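[1] got a predicted model here, sequence first, then my questions.
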Amino acid sequence: MNDPLSRETVNSRFESGPFRPGDRVQLTGPKGRLNTISLEPGKLFHTHRGPIAHDDIIGMPDGSVVRNESGEPHLALRPLLTDFVMSMPRGAAIIYPKDAQAILGMLDVYPGATVVEAGVGSGALSLWLLRALGPQGNLFSIERRADFAEIAQANGETYFGLRPTNWSVSVGDFNDRVHDVVEKGQADRVILDMLAPWECINDVAWALTAGGVLVCYVATVTQLSRTVEALRESGFFTTAQCSETMHRTWHVEGLAVRPDHRMIGHTGFLLSARRLADGVEMPPLKRRPSKSDFTEEDVEAWTPGALGVRQVSDKSVRKRLREAERSARLSGESRDQES
């Protein structure tokens, strides 16, 4: 599973055509319930009203309808990347597709770029980045937890069918590992998805080329404020731009057109800034001064300990790792059979 991620391999992995053993298939039931399975000859997928044989799906064209033992129809489609990341095994919370797509735009990722990512989690954003970078680009991911890094890599192998050779995953703290994975000023883009990105600003500035883009993903306004202040005090970056994305679907049926009752609201804040050239000062912006004052004690209260961290049990992580490795193994076996 360590073959090069060639253009031919990637294209064959995502080409259209009949379903093959090892393919991931998204089944949509009569009530809209989604289930994603990996096709294995001889296996059964059990629904509430009877099983569906994997052999009945293998060989069918994408976008077909397959019926369970009771005759209920289920729509079979190859999952999109959005579908895959929402159903893949998770060791840590993922960056939602709405945020991942915004991050790709804010980073201005392009084929051939060198991107450094800190905070891999379950690998959702890594997959979006690798797709945008193409075989010509390079992604250097840094994750503090070895078990999360393993889950992310297994998810990547499942999705691509092999481990991309232009994706390097390192375990450790960003401030230490970034000096090992890239040369000074060689990173075109940096994305930080971590609890305390303000602690990494100087090392981000060391890694980024002049004009390079930094994007931070944080959950709370306190993290957002502290990161912006750290960027301003460093003197290495342009004025930060901050935003969040919200996704609301609509019900459209005849003349009954209205917003859906549920929406994906706040998931995190996005912050972006550009690297200034060495020795350059950001021109001051003409704006009214803030009337609010804060002290060092106020800022220090916004520490990782005060913010709190959502803990994931070791048992849960081990289960997700087994699921991810199994999916990666099936994907690799399918690729070997095809070759």
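    Yes, it's here.
[2] and V25, which of the three is it?
    strand (DSSP: H, G, I helix; E, B strand; the rest coil).
[3] my read: it touches L39, true?
    Yes. Counting by CB atoms under 8 Å, V25 touches L39, with 6.0 Å between them. No exception for glycine: its C-beta is placed from N, CA and C like everyone else's.
[4] more neighbours, those two?
    Using other CB atoms under 10 Å as the criterion, V25 and L39 rank with V25 on top: 24 against 21.
[5] what's D314 in contact with, if anything?
    By CB atoms under 8 Å, 6 or more residues apart in numbering, the residues touching D314 are D147.
[6] all helices for this structure, in order.
    Secondary structure of the chain (DSSP state H): helices at 7-14, 54-57, 81-87, 97-107, 124-133, 146-160, 174-181, 201-207, 221-234, 296-300, 304-307, 314-338.
[7] now these in TSV, with distance to E281?
    Formatted as TSV, those follow (distance: least, CB to CB, whole Å):
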stretch	distance to E281
helix 7-14	44
helix 54-57	62
helix 81-87	41
helix 97-107	24
helix 124-133	32
helix 146-160	39
helix 174-181	25
helix 201-207	14
helix 221-234	12
helix 296-300	23
helix 304-307	31
helix 314-338	45
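[8] quick one: buried residues of stretch 128-147?
    Residues of stretch 128-147 classed as buried: 128-130, 132-135, 137-145, 147 (neighbour count, 16 or more other CB atoms under 10 Å).
[9] cool, stretch 231-239 as well?
    231, 236-238.
[10] centre-most residue in this protein?
    The centroid of the chain falls nearest to L125 when counting by CA atoms, centre = their mean (1.7 Å).
[11] number of residues surrounding the closest residue to that one other than its chain neighbours?
    Of all residues not flanking L125 in the chain, I95 sits nearest, at 4.7 Å (CB to CB, 6 or more residues apart in numbering). When neighbours are defined as other CB under 10 Å, I95 has 23 of them.
[12] show the contacting residues for G268.
    95, 99, 217-219, 244.
[13] my read: the residue nearest to L125 touches Q101, true?
    No. When contacts are counted by CB under 8 Å, I95 is not listed as touching Q101 (9.9 Å).
[14] how far off centre is stretch 269-281?
    Centroid displacement of stretch 269-281 relative to its chain, using CA atoms, centre = their mean, to the nearest Å, is 23 Å.
[15] from S243, how far out is the residue lying closest to L104 once chain neighbours are set aside?
    Leaving out its chain neighbours, the residue that sits closest to L104 by CB to CB, 6+ apart is A132, at 5.5 Å. Distance, A132 to S243, using CB to CB, to the nearest Å: 20 Å.
[16] for M246, grab the count of nearby residues.
    M246: 10 neighbours (other CB under 10 Å).
[17] OK, contacts around it?
    By CB under 8 Å, 6+ apart, the neighbours of M246 are 98, 263-266.
[18] these in strands, which ones?
    When DSSP state E defines the strands, the subset of those inside them is 263-264.
[19] which strand is the longest one in this structure?
    strand 208-218.
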